[in-house]
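Participant: Need coordinates for the following:
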Amino acid sequence: MAGPPPRSRPRPAPPGMAAGTGRAAAARLARLPMPVLLLGMGGLAMLVPAAHAAAVQAHGLARAFLYPGLLCMVVTVLLALATAGHRPRDATRGDLATMAAAFAALPVVFTLPFRVAVPDTTWFNAWFEMVSSFTTTGASLYDAPGRLPPTVHLWRALVGWLGGLFMLVTAAAVLAPMNLGGFEVLSGQPGTGGGRGPAAADDRARRVLRATAAVAPAYALLTGALWIMLMIAGERALVAGCHAMSTLATSAISPVQGMAGSTAGLAGEMLVFLFLVFALSRRTLPGAPRPGTRRGLGRDPELRLGLLLVLAAAAILFLRHFLGALDDSDPQDIPAAAGALWGGLFTVASFLTTTGFVSDDWAAARIWSDLRSPGLILLGLALIGGGVATTAGGVKLLRVYTLLRQGERELERIIHPSSLGGEGPEARRLRREGAHLAWLFFMLFAFSIAVVAAALAFAGQPFETALVFTYAALSTTGPLVQLAADSPLSWAGLATAPKAILAAAMILGRLETLAVIALLAPPAWRD
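Facilitator: Alright, predicted model coming up:
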């Protein structure tokens with residue numbers, strides 16, 4: 001009698017099937033509404049300071065971050081199930097609205113653990129602190145670092161780091177396809193990459209997935225590399241981690257008042273200086289969007305202009321004194337001159353990238369230059385800002401470069417009225433439509449400065465003080481208020497109304513005015 005048929009063993013899945021399943025799951029995840037994804041990201045991020053607090057035996061702080069993090073993840077799962085089949089009719093406008101809402105609403109989520117961990121503050125002050133961190137402004141209401149626990153400093157730096165990553169991903173997935181955020185200078189057609197319907201939503205999901213997969217690993221690896229190198233240079237682990245995240249995100253959030261309280265010394269400043277290059281051009285960060293010219297890194301206009309501005313500003317601070325004291329120089333002044341030169345070079349590069357770290361030798365550089373208001377140079381550099389599609393704020397180097405090229409062309413036409421501009425159609429488009437849009441953005445930026453400064457003046461701030469705070473908020477360079485005025489200013493001394501105005505200015509400076517106009521007036525760019 002024949003026995004029972006042998007049981008068939010399940011065949012192993014082909015090697016490519018598991019990878020395909022992972023890609024499909026990631027694609028389904030990317031199709032979720034962006035607010036749901038951001039809420040889940042915030043919940044996961046809260047586990048990092050919770051683990052740090054548990055490691056240092058601060059169990060109360062650990063619970064303050066663990067419970068809100070778990071709550072956010074549970075709410076994320078519920079919202080993901082409820083919105084899994086949702087497809088927006090206007091995906092492009094929805095993405096812009098989500099970006100604006102993220103900078104205003106997501107800090108509310110970040111405020112939950114902050115308010116529990118710092119019970120002697122108000123909800124509004126905690127929200128302002130998180131808005132400042134997430135927009136990578138770095139404007140803190142807590143002038144004394146000892147007032148906040150080390151875990152809270154880690155949370156502030158981590159929120160700023162996530163804000164920088166959010167800007168990099170949205171620049172590649174939202175702003176670049178729409179020709180906004182500086183890319184309009186290259187294309188000459190702002191806001192023309194939008195779309196409507198489910199197909200546009202699926203295309204956006206694929207762009208977000210590709211941008212995250214390309215940018216996030218490089219961003220995290222660079223941060224980890226700088227963290228390790230700072231610790232090798234003698235910095236404590238927590239401070240090194242905060243400074244590494246703040247450098248890549250250009251937020252200048254520090255638990256020890258920046259580089260002045262760092263134990264890494266000159267070596268730490270040099271390492272931070274090297275990593276500031278990633279905020280000068282979109283081509284320096286692997287995976288960042290690179291529309292426009294196919295030039296190599298050595299011929300990148302943003303990088304070359306940024307380095308030229310850094311060297312020129314540092315030379316102005318240094319040579320003004322050096323040339324005057326050349327005849328009666330003392331060999332003992334050589335170390336002081338080197339320190340002054342380095343202090344100016346580091347601080348100038350830091351403020352051009354809107355980071356805001358100040359060198360420990362900046363005081364020597366100020367005395368050496370003998371300028372009455374050297375902070376005005378830093379203010380001008382912060383308004384120029386870093387590269388397009390980077391974590392830096394400001395007007396952006398590409399727009400300044402475009403206007404310089406147009407000015408150069410106009411001077412050529414004065415000498416040779418019948419001459420033709422060369423270097424191909426791309427350069428001609430950059431000098432025509434690109435220069436027009438760059439000048440339009442400058443006018444909108446100046447109008448934003450006037451509106452915010454007037455609002456602060458109506459709220460009771462002196463005019464000069466209002467201007468300095470406005471420049472710092474719109475350029476997302478919080479430490480600027482301590483150096484740009486004749487005497488240092490403080491964010492902590494502001495009343496509630498000026499804080500609310502400046503929080504809105506930080507969001508406006510992070511989004512940029514053209515994106516806000518595209519959001520509020522969709523018929524102007526949809527058709």
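Participant: What about residue 105, how many residues nearby?
Facilitator: 13 (other CB atoms under 10 Å). Quick note: C-beta positions are derived from backbone N, CA and C, even for glycine.
Participant: ok, it - contacts?
Facilitator: residue 35 (CB atoms under 8 Å, 6 or more residues apart in numbering).
Participant: cool, and residue 275?
Facilitator: The contact partners of residue 275, by CB under 8 Å, 6+ apart, come to 222, 226, 244, 247, 248.
Participant: if you set the cut-off to 10 Å instead, what comes out?
Facilitator: Shown in contact with residue 275 (CB atoms under 10 Å, 6 or more residues apart in numbering): 222-223, 225-226, 229-230, 243-244, 247-248, 284, 353, 355.
Participant: Could you check how far residue 261 is from residue 503?
Facilitator: Plainly put, residue 261 is 27 Å away from residue 503 if you go by CB to CB, to the nearest Å.
Participant: between the two, who's got more neighbours?
Facilitator: Comparing residue 261 with residue 503 by other CB under 10 Å, the one with more neighbours is residue 503, at 24 against 12.
Participant: Mind listing what's buried along the helix or strand residue 115 falls within?
Facilitator: Residue 115 belongs to helix 91-117 when elements are defined using DSSP states H and E. Neighbour-count burial for helix 91-117, counted by 16 or more other CB atoms under 10 Å, picks out 91-100, 102-103, 106-107, 109-117.
Participant: try stretch 429-440
Facilitator: Taking 16+ other CB under 10 Å as the criterion, stretch 429-440 shows 429, 430, 431, 433, 434, 435, 437, 438 as buried.
Participant: where along the stretch 51-200 of the chain do the strands fall?
Facilitator: For the stretch 51-200 of the chain, strands defined by DSSP state E, counting those that start in this stretch do not occur.
Participant: re earlier: quick one: which of the buried residues of stretch 429-440 is nearest to residue 169?
Facilitator: Lowest distance from residue 169 to those (CB to CB) belongs to residue 437, with 23.8 Å.
Participant: so where does that closest one fall, helix or strand?
Facilitator: Element membership for residue 437 (DSSP H and E) is helix 435-458.
Participant: My read is that residue 364 contacts residue 358, right?
Facilitator: No. Using CB atoms under 10 Å, residue 364 is not in contact with residue 358, being 11.9 Å away.
Participant: Return every residue with contacts to both of the two.
Facilitator: residue 343.
Participant: of the two, who's got more company?
Facilitator: residue 358 (24 against 19).
Participant: chain center to the lengthiest helix in the chain, what's the gap?
Facilitator: The residue-count maximum for a helix in the chain (DSSP state H) belongs to helix 198-232. Averaging C-alpha positions (CA atoms, centre = their mean, to the nearest Å) puts helix 198-232 14 Å from its chain's average.
Participant: lowest-pLDDT helix or strand in this protein?
Facilitator: helix 523-526 (a mean of 46; mean pLDDT, DSSP states H and E).
Participant: for the record, mean pLDDT for the helix holding residue 437?
Facilitator: Helix 435-458 shows a mean pLDDT of 92.
Participant: After it, which helix or strand is next?
Facilitator: helix 463-474.
Participant: Show me what that next one is packed up against.
Facilitator: helix 375-384, helix 435-458, helix 496-511 (3 or more CB pairs under 10 Å, 6 or more residues apart in numbering; DSSP states H and E).
Participant: Please identify the buried residues of the shortest one?
Facilitator: By neighbour count, with 16+ other CB under 10 Å as the criterion, the buried positions of helix 375-384 are 375, 377, 378, 379, 381, 382, 383, 384.
Participant: and the longest helix of the chain, what other elements does it pack with?
Facilitator: By 3+ CB pairs under 10 Å, 6+ apart, helix 198-232 packs against helix 15-30, helix 34-45, helix 91-117, helix 150-170, helix 176-178, helix 237-249, helix 265-275.
Participant: The second one vs helix 198-232, what angle?
Facilitator: Spelled out, that is helix 34-45. Going by axes from the mean of the first three to the mean of the last three CA atoms, to 10 degrees, helix 34-45 is angled at 20 degrees with respect to helix 198-232.
Participant: Can you give me the end-to-end span of stretch 127-144?
Facilitator: Taking CA to CA, to the nearest Å, stretch 127-144 runs 19 Å from one end to the other.
Participant: that older thread, just the angle for the helix holding residue 115 relative to helix 198-232, thanks.
Facilitator: Using the same axes, to 10 degrees: helix 91-117 against helix 198-232 is 40 degrees.
Participant: next one: helix 91-117 to chain centre, how far?
Facilitator: With CA atoms, centre = their mean, you get 15 Å for helix 91-117.
Participant: okay, the angle between it and helix 150-170?
Facilitator: 180 degrees.
Participant: one step back: among the helices and strands packed on helix 198-232, single out whichever gets nearest to residue 448.
Facilitator: In terms of CB to CB, the element of those nearest to residue 448 is helix 91-117, at 14.8 Å.
Participant: Okay, now the unreliable bits of the chain?
Facilitator: For the chain, the stretches with pLDDT under 70 are 1-31, 85-94, 188-204, 286-298, 320-333, 369, 371, 418-428, 514, 518-527.
Participant: Work out which residue lies at the spatial centre of it.
Facilitator: A centroid search over the chain (CA atoms, centre = their mean) returns residue 391, at 2.8 Å, as the residue closest to the centre.
Participant: I'd say it and residue 162 touch.
Facilitator: No. If you go by CB under 10 Å, residue 391 and residue 162 don't touch, sitting 11.0 Å apart.
Participant: Identify the contacts common to those two.
Facilitator: 136, 249.
Participant: Return the backbone torsion pair for residue 485.
Facilitator: The phi/psi pair for residue 485 (degrees, to the nearest 10) reads phi -90, psi 170.
Participant: Which residue, other than its chain neighbours, is closest to it?
Facilitator: residue 468 (5.0 Å; CB to CB, 6 or more residues apart in numbering).
Participant: Tell me how many other residues crowd the one you found.
Facilitator: Residue 468 has 23 neighbouring residues, counting by other CB under 10 Å.
Participant: looking at it, it is touching residue 453, isn't it?
Facilitator: Yes. In terms of CB under 10 Å, residue 468 counts as a neighbour of residue 453; the distance is 9.4 Å.
Participant: Identify the contacts common to those two.
Facilitator: residue 461.
Participant: which residues touch the residue nearest to residue 485?
Facilitator: Contact analysis of residue 468 by CB under 10 Å, 6+ apart lists 375, 379, 453, 456, 461-462, 480-486, 489.
Participant: sorry, back to before: ok and the helix holding residue 437 relative to helix 375-384, angle-wise?
Facilitator: Relative orientation of helix 435-458 versus helix 375-384 (the same axes, to 10 degrees): 120 degrees.
Participant: Report the separation between residue 75 and residue 40.
Facilitator: 9 Å.
Participant: which phi and psi does residue 142 have?
Facilitator: phi -110, psi 90.
Participant: excluding its backbone neighbours, what's nearest it?
Facilitator: residue 148 (5.5 Å).
Participant: I'd say that neighbour and residue 126 touch.
Facilitator: No. Taking CB under 10 Å as the definition, residue 148 is not a contact partner of residue 126, at 11.2 Å.
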